[in-house]
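Engineer: fold the following.
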Amino acid sequence: MGNFGIGLQLMLVGMITVFVILLIVIYGSRLLIKFINRIAPQQEQKKAPAGEDYSAVFEAAVAQLTQGKGKLTKITKL
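Structural biologist: Numbers count the residues shown, from 1 in each chain. Alright, predicted model coming up:
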C-alpha cells in the first residue's frame, strides 16, 4: 500500500502543478494582450467597397475561366 499512496501523492502534485502552470499561462496571456492593446491599439480597418465595384473583376475572371463563353448573372456573398 505504501507504493500506491506515494503514486497517488505524486499524481496529485503533478496534476496541481500542471493546473497552476496553465492558469499562469492563461492569465499571463490575457495581461499581455491588454498591455499590447494599450500601447498599440488597433487601427480602424477600411470597409470593403460594395459588390458593384467588384463586378468588373468577377466578370473578367469568369470570362478568363470559361474562355469567353460564360456569363455572370448574380453575385451573392456566401
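Engineer: any idea how many residues pack against residue 54?
Structural biologist: Here the number of neighbours of residue 54 (other CB atoms under 10 Å) works out to 13. (C-beta placed from N, C-alpha, C; glycine too.)
Engineer: gap between it and residue 71?
Structural biologist: Separation of residue 54 from residue 71 (CB to CB, to the nearest Å) stands at 16 Å.
Engineer: please apply the same query to residue 40.
Structural biologist: In this structure, residue 40 lies at 47 Å from residue 71, with CB to CB as the measure.
Engineer: quick one: the strands in the chain?
Structural biologist: In the chain, no strands are defined using DSSP state E.
Engineer: centre-most residue in it?
Structural biologist: Per CA atoms, centre = their mean, the C-alpha nearest to the average position across the chain is that of residue 33, at 14.4 Å.
Engineer: any idea how far residue 60 is from it?
Structural biologist: Following CB to CB, the distance that separates residue 33 from residue 60 is 42 Å.
Engineer: same deal with residue 36?
Structural biologist: Residue 36 is 41 Å from residue 60, where distance means CB to CB.
Engineer: likewise for residue 38?
Structural biologist: Counting by CB to CB - residue 38 and residue 60 are separated by 45 Å.
Engineer: between these two, which is the more surrounded one?
Structural biologist: Between residue 38 and residue 60, counting by other CB under 10 Å, residue 60 is the more crowded of the two (11 against 8).
Engineer: what's the spacing between the more buried one and residue 69?
Structural biologist: Counting by CB to CB, the gap from residue 60 to residue 69 is 14 Å.
Engineer: need the pLDDT of the residue nearest to the centre of the chain.
Structural biologist: The confidence metric pLDDT takes the value 93 at residue 33.
Engineer: got it, and residue 46?
Structural biologist: The confidence metric pLDDT takes the value 69 at residue 46.
Engineer: centre of the chain to the top helix by length along the chain, how far?
Structural biologist: Among the elements of type helix in the chain, defined by DSSP state H, the one spanning the most residues is helix 2-39. Averaging C-alpha positions (CA atoms, centre = their mean, to the nearest Å) puts helix 2-39 24 Å from its chain's average.
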